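Trainee: Prediction below, plus the sequence it came from.
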Amino acid sequence: MGEKDGKLTRSVDEICSALAARYPDGAPDEGVVRGQGFDYLTHHWTDRWPHPLPLPEILSHGPERGHIRRSELFAMAREVSGPESVLNFYVAVCAWGTGTKAQRVARVVKPLHVPGALEALRRSFHAAQSVDPVQAYRRLNLADMDRIKGFGPAFFTKWLYFAAYDNPDRAEPSVPLILDARVANALGWPPSNRRWPSSAYAQYLLTAAEVNAAWSPGSSRHVIEYALFKVGGQG
């Protein structure tokens, strides 16, 4: 299955102006970004859990109302090895992404019902650490590679980001970043119910690098993603 081209509609200067308006005192601190966390409710997961799969540690031994931060997910990524840890990491990443919204949890549980999903997640996790981020994205976007029905870019870019961003042994010097509807809005992309192609993801990463250099060269790259997320949520 192929991909359709994507295109940005807001210039780097316009994006920098929007960020400067949102953050007049400068870019967010690295600690703020790494500390960004969300609550989640365990029963939203266990009520919808696909019974053939073992219940992961985060759901079987965690509190009913948990809280998870970016920094914790980076630490978890370093411990991923076999299928059970891949599954546990998937739930943790998606819990961070869905928060306490039951409907959103239902959407990210559905991919686990797809035959071969766990193996595709394992492959994509290792791809995130060993190939260029755009290629890792493309693998999850194409049906003849690691694509999983119901697991779209808004969540699988979180998966790629947490798998590889903080890994010092990552093979490629470039880093994956989260791309969701709020980030897309900050970039000036029109709303769409289609998957963004890998060409659009490549353009996003390039734009993030250019914004990084122009607006806050002292910040790490995911600070830009975090700031775009905040700008994109303004109505």
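Mentor: Ah, there it is.
Trainee: And the helices in this protein?
Mentor: Counting by DSSP state H, the chain has helices at residues 12-22, 30-34, 42-46, 57-60, 70-77, 83-98, 102-109, 117-130, 133-141, 153-164, 181-187, 198-215, 221-232.
Trainee: most tightly surrounded among the ones you listed?
Mentor: helix 153-164 (a mean of 25; mean count of other C-beta atoms under 10 Å). Bear in mind the C-beta positions are built from the backbone N, C-alpha and C, glycine included.
Trainee: L160 and A128 touch, don't they?
Mentor: Yes. In terms of C-beta atoms under 8 Å, L160 counts as a neighbour of A128; the distance is 4.5 Å.
Trainee: Please identify every residue contacting each of the two.
Mentor: A136, P176 (C-beta atoms under 8 Å, 6 or more residues apart in numbering).
Trainee: Tell me the span between the first and last residue of stretch 158-171.
Mentor: 19 Å (C-alpha to C-alpha, to the nearest Å).
Trainee: hmm, who's touching that stretch?
Mentor: 70, 73-74, 76-78, 80, 89-90, 93-94, 96-97, 121, 124-125, 128-131, 133, 136-137, 140, 175-178, 180, 222, 225.
Trainee: cutoff 6 Å now
Mentor: 73-74, 77, 93, 97, 125, 128-130, 136, 175-178 (C-beta atoms under 6 Å, 6 or more residues apart in numbering).
Trainee: Next: stretch 43-56.
Mentor: L59, L87, N88, V91, A102, V105, A106, V109, L112, H113.
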